[in-house]
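Asker: Output the structure for:
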Amino acid sequence: MGVIIDDETLFYHIKLLGKFVAEIIYEGLLILVDEAVNLYQISTTVTHEKNYNGLLAIFNDTKQCKAEYLGICIGGTTKFLEDPTQIVDYFQTKLGADAPKKADLLPKPMYKNI
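Answerer: Numbering: from 1, shown residues only. Down below sits the predicted model:
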């Protein structure tokens, strides 16, 4: 194989892997990104912005059905989602009405108090 997978081509290759997985037997590939809270703890603005733009590209591709057979689940703490300078507000600035709403992203209890 004569290709080196770097930051610029990583998501393309993940989408390709999702398509391969769907071709062999499964219905697709689910990618779990945990500890997304670490993204907002990056102090360098350029790196911070580059990581958020990468997540934005992933969000856009999955929303526009350009990432067939691929599901993305990003896990972060409630503090990560509620901080007004962080990812949800960044997405809302870049995407406008198409951005995910905070209420849809915050965890919901899996049980009901009786």
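Asker: Please, where are all the strands along this structure?
Answerer: For the chain, the strands defined by DSSP state E cover 29-33, 70-74.
Asker: so which of those is the most packed in?
Answerer: Stretch with highest mean neighbour count among the strands of the chain: strand 70-74 (a mean of 16; mean count of other Cβ atoms under 10 Å). Heads up, the C-betas are built off the backbone N, CA and C, glycines and all.
Asker: That strand - contacts with which helices or strands?
Answerer: Using 3 or more Cβ pairs under 8 Å, 6 or more residues apart in numbering; DSSP states H and E, the elements in contact with strand 70-74 are helix 10-24, strand 29-33, helix 45-63.
Asker: Lowest average pLDDT across the ones you listed?
Answerer: Mean pLDDT per stretch puts helix 45-63 lowest among the helices and strands packed on strand 70-74, at a mean of 81.
Asker: gap between it and the chain center?
Answerer: 8 Å (Cα atoms, centre = their mean, to the nearest Å).
Asker: how about that helix: buried residues?
Answerer: 48, 51, 52, 55, 56, 58, 59, 61, 62 (16 or more other Cβ atoms under 10 Å).
Asker: Stretch 6-19 now?
Answerer: Under the neighbour-count criterion of 16+ other Cβ under 10 Å, stretch 6-19 has 11, 14, 15, 18 buried.
Asker: would you list the residues you listed in TSV and tack on distance to residue 69?
Answerer: Formatted as TSV, the buried residues of stretch 6-19 follow (distance: Cβ to Cβ, whole Å):
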residue	distance to residue 69
11	14
14	11
15	8
18	4
